[in-house]
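Enquirer: missing the sequence, but the structure's below:
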């Protein structure tokens, strides 16, 4: 199985989704996209973080749809490791981009204010909207 290494390294575990859990995660992703758009003129750092979270929730839903969940330590990083294996090569650049957003989000939230530019925020919002829809189509 293509996920054997992640399982052996104790990064992911096999787990069946609870009833409605996948749909709930997609609802969170869609809520976060709307929230990010709502606050885009207020605070670019937080809007970026919320837009990033929409992608993370959609990825978590995708993982669960396949019967997997990431461990809690480094869960964000592990989620993108999983997605690199799970999706076709055509998504590799996009997954790598979202993983870079993970690092940028961390800096914006924990290390430095005004770390995000409007251009970075607008790109993430645009990519996140399309990606959440695509993952939802693949899952449901």
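Expert: Sure thing, it's come through. Note that the structure is predicted; figures quoted are calculated from it, not measured.
Enquirer: hey, let's count contacts and neighbours off CA atoms from now on
Expert: Fine.
Enquirer: where along the chain do the helices fall?
Expert: 4-8, 21-39, 44-65, 75-86, 92-106, 118-139 (DSSP state H).
Enquirer: leaving out the residues flanking it, which one is nearest to the residue nearest to the spatial centre of the chain?
Expert: Residue closest to the average C-alpha location in the chain (Cα atoms, centre = their mean): residue 56, at 1.9 Å. Spatial nearest neighbour of residue 56, excluding adjacent residues (Cα to Cα, 6 or more residues apart in numbering): residue 76 at 7.2 Å.
Enquirer: just give the number of residues close to residue 125.
Expert: Applying other Cα atoms under 10 Å, we find 24 residues neighbouring residue 125.
Enquirer: could I get the phi/psi values of residue 74?
Expert: phi 60, psi 40 (degrees, to the nearest 10).
Enquirer: distance of it from residue 126?
Expert: 26 Å (Cα to Cα, to the nearest Å).
Enquirer: same deal with residue 99?
Expert: 16 Å.
Enquirer: more neighbours: which of the two?
Expert: residue 99 (20 against 12).
Enquirer: quick one: contacts for the residue lying closest to that one once chain neighbours are set aside?
Expert: Of all residues not flanking residue 99 in the chain, residue 80 sits nearest, at 6.3 Å (Cα to Cα, 6+ apart). By Cα atoms under 8 Å, 6 or more residues apart in numbering, the contact list for residue 80 reads 59, 95-96, 98-99.
Enquirer: and stretch 57-74, how far from the chain's centre?
Expert: Here stretch 57-74 is found 10 Å from its chain centre; the criterion is Cα atoms, centre = their mean, to the nearest Å.
Enquirer: for that stretch, buried residues please.
Expert: 57-65, 68-70 (16 or more other Cα atoms under 10 Å).
Enquirer: name the residues that touch that stretch?
Expert: Counting by Cα under 8 Å, 6+ apart, 10-17, 21-23, 25-26, 28-29, 78-80, 82-83, 132, 135-136, 138-139 sit against stretch 57-74.
Enquirer: of those residues, buried ones?
Expert: 11-13, 17, 22-23, 25-26, 28-29, 78-80, 82-83, 132, 135-136, 139.
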